[in-house]
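> Sequence and predicted structure below; questions after.
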Amino acid sequence: MTNVLRAKAAVDATSSISRPPSSALPAVLNLPLGVETFLDWPDRTVAVIADRIPQQTIAAVERFGLVARVLSPDAAPESAHEAGPCTFVLITTEALRHDPGRDLIRAFRSGSPYAPVILLARAAADRELTLVEAMRVGATDVIDPTNLTGLSEVMAYQLTIAGKQRERVLAIGAHPDDIEIGSAGALLNHRRRGDRISLLTLSRGSIGGRSLVRSQESLAAAADIGAQLLMADLLDTRIEEGIETIRLIESVVAALDPTIVYVHSRHDNHQDHRAVHVATLSATRGVPQIYAYQSPSATNEFTPTRFVPIDDVVAEKVQLLGLFGSQSERSYLEPDLIVAGARYWARHLAPRCRYAEPFEVLRSAADATSRTDPNTRVTATGPMASVTRLTAGAEGGRP
Ligand SMILES: [Zn+2]
């Protein structure tokens, strides 16, 4: 099922609040009254690239709460894009033997640069050749396919490391489409890294269109990002910056414990945007990183000092903003303007990138931004006596 279809199915089911997969849930998700879960976090998946895979191997993967997606090594690289980001890539030797299999692995690595690649290979005469090929596609571990304990150990180890590195992102906006216009590129980057993303939209946008339609558009966009979507129903154009809004955001922050928050800038002509900015600052006192994104209504005082390269996802951002069909007459949603804006802000990073999103830094803990590079995680020590650890760098840099 495509993301949009999943989103539509979720719209049909929004009369009752659906539950995210247990692996993605905090211990208790205690959302405040008036905040509805429109879409839960997507399943975390393992791409299995193999002609045949024993059921016991699939069962070993699924014991971690992960969903296995099995693809033939002959599948087109576009299949990786359709499958979306994954948590692991599990491959067999036949996936390495021919170009299509290797291209497919690379396509998954491109969409999920942080996903460890695990090779299932028996000890054999051609193993060294296989290992060279495995290193070329960024494999981090090699395990005998009969060694399910070894596979479980590697997965547990990698998940532990990933859990420590994973950011919990909360993006807050006043109306449907605000978050996406300002920060979809950064959010898509977070998704590629395997971070957990939640969107909180505080109104249904009834002044700017029909609220049901706008909610459905938000839902489709959240599905494309791979985010949880929470929606409140504050009065469009009359959102207050006072205690009611603060308490609502505080409760969501308490439930999600975010490490990064994105929100409106105070340099904005729209009163709702300014109110959400002020309320969020009060409600996120313990969050180490807070960044303000640019809205089309931002004033000339908007002074970003953080520029996030979005070269790898700018096309996806344009496509995603196209989901807000009810707002298509708004000039700020025209694709060439979106691209031109991103091109303009990239001048601060030239020549390192061509497209960027700008953010004002409201809070940034120096050590909160350091993450282990994907190329170093493979050399970390661990209880891996039964598996081969490769030290070759994974392909694809950090987004
Ligand atoms: Zn807005």
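Okay, I see it.

> For the stretch 51-200 of the chain, which segments are assigned as strands?
67-71, 88-92, 117-120, 139-143, 168-173, 196-203 (DSSP state E, counting those that start in this stretch).

> Quick check, pLDDT for the closest residue in space to T92 that isn't next to it in sequence.
Nearest residue to T92, sequence neighbours excluded (CB to CB, 6 or more residues apart in numbering): A50, at 4.1 Å. C-beta here means a position set from N, CA and C on the backbone, and glycine is covered the same way. Looking at A50, its pLDDT is 92.

> which residues touch A50?
Under the criterion of CB atoms under 8 Å, 6 or more residues apart in numbering, the neighbours of A50 are 70, 72-73, 90-92, 94-95, 120.

> Also V67?
43-46.

> count of residues packed around R63?
R63 has 12 neighbouring residues, counting by other CB atoms under 10 Å.

> how many neighbours does the closest residue to the ion within the stretch 151-300 of the chain have?
Nearest residue of the stretch 151-300 of the chain to the ion (CB to the ion) works out as H175 at 3.6 Å. By other CB under 10 Å, the residues close to H175 number 29.

> Give me the below-cutoff pLDDT ranges for this structure.
Applying pLDDT under 70 to the chain flags residues 1-28, 123-129, 208-209, 366-399.

> Which residues of it lie near the ion?
174-175, 178 (CB under 5 Å from the ion).

> If we use 8 Å, what do you get?
By CB under 8 Å from the ion, the residues of the chain that approach the ion are 173-175, 177-178, 205, 208, 264, 270, 272-273, 295, 297.

> Over to A220. Which of the three states is it?
helix (DSSP: H, G, I helix; E, B strand; the rest coil).

> Check V46 too.
Going by three-state DSSP: V46 is strand.

> Just to check, it is in contact with I91?
No. Counting by CB atoms under 8 Å, V46 sits too far from I91 to count as a contact (10.8 Å).

> hmm, who's touching the helix or strand A292 falls within?
Element membership for A292 (DSSP states H and E) is strand 289-293. Strand 289-293 is contacted from outside by 179, 181-183, 186, 259-266, 277, 280-281, 284, 306, 357-365, 368-369, using CB under 8 Å, 6+ apart.

> List the pairing partners of the following helix or strand past that strand within its sheet, with orientation.
As assigned by DSSP H and E, the chain's next helix or strand after strand 289-293 is strand 306-309. With DSSP bridges as the test, strand 306-309 is paired with strand 356-364 (antiparallel).

> got the contact list for the partner strand?
182-183, 185-186, 262-263, 265, 267, 281, 287-294, 302-310, 342, 345-346, 348-349.

> The same query, at a cut-off of 7 Å, please.
By CB atoms under 7 Å, 6 or more residues apart in numbering, the residues outside strand 356-364 that reach it are 183, 185-186, 265, 281, 288-294, 302-310, 342, 345-346, 348-349.

> Nearest residue to the residue nearest the centre of the chain in space, ignoring adjacent ones along the chain?
The chain has R191 as the residue nearest its centroid, 1.6 Å off, counting by CA atoms, centre = their mean. Excluding the flanking residues, the one nearest R191 by CB to CB, 6+ apart is G226, at 4.5 Å.

> My read is that that neighbour contacts P85, right?
Yes. With contact defined as CB atoms under 7 Å, G226 and P85 form a contacting pair (6.3 Å).

> excluding its backbone neighbours, what's nearest the residue of the stretch 1-150 of the chain found nearest the ion?
Nearest to the ion in the stretch 1-150 of the chain, going by CB to the ion, is F38, at a distance of 17.5 Å. Of all residues not flanking F38 in the chain, L229 sits nearest, at 4.3 Å (CB to CB, 6+ apart).

> Contact partners for the closest residue to Y293 other than its chain neighbours?
Spatial nearest neighbour of Y293, chain neighbours left out: G182 (2.9 Å); criterion: CB to CB, 6+ apart. By CB under 7 Å, 6+ apart, the residues touching G182 are 293-295.

> element containing L229, please.
Going by DSSP H and E, L229 is in strand 228-234.

> From the contact counts, what lies against whichever helix or strand comes after that strand?
Using DSSP H and E, the helix or strand that follows strand 228-234 in sequence is helix 243-256. Helix 243-256 sits against strand 168-173, strand 228-234, helix 271-283, with contacts defined as 3 or more CB pairs under 7 Å, 6 or more residues apart in numbering; DSSP states H and E.

> got the angle between helix 243-256 and strand 168-173?
160 degrees (axes from the mean of the first three to the mean of the last three CA atoms, to 10 degrees).

> Mind listing what's buried along helix 243-256?
By neighbour count with 16 or more other CB atoms under 10 Å, helix 243-256 contains the buried residues 245-246, 248-253, 255-256.

> can you pull the contacts of A68?
By CB under 7 Å, 6+ apart, the neighbours of A68 are 46, 48, 58, 61-62.

> Neighbour count for the residues you listed - can I get that in JSON lines?
What follows is the contacts of A68, written out as JSON lines (neighbours: other CB atoms under 10 Å):
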{"residue": "V46", "neighbour count": "21"}
{"residue": "V48", "neighbour count": "22"}
{"residue": "I58", "neighbour count": "16"}
{"residue": "V61", "neighbour count": "24"}
{"residue": "E62", "neighbour count": "12"}
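
> quick one: which of the residues you listed is nearest E167?
V46 (21.0 Å; CB to CB).

> Skipping adjacent residues, who's closest to that closest one in space?
F88 (4.4 Å).

> what's the neighbour count on the one you found?
Neighbour tally, F88, other CB under 10 Å: 27.

> Pull up the distance across stretch 76-90, start to finish.
17 Å (CA to CA, to the nearest Å).

> And stretch 30-40, by the same measure?
14 Å.
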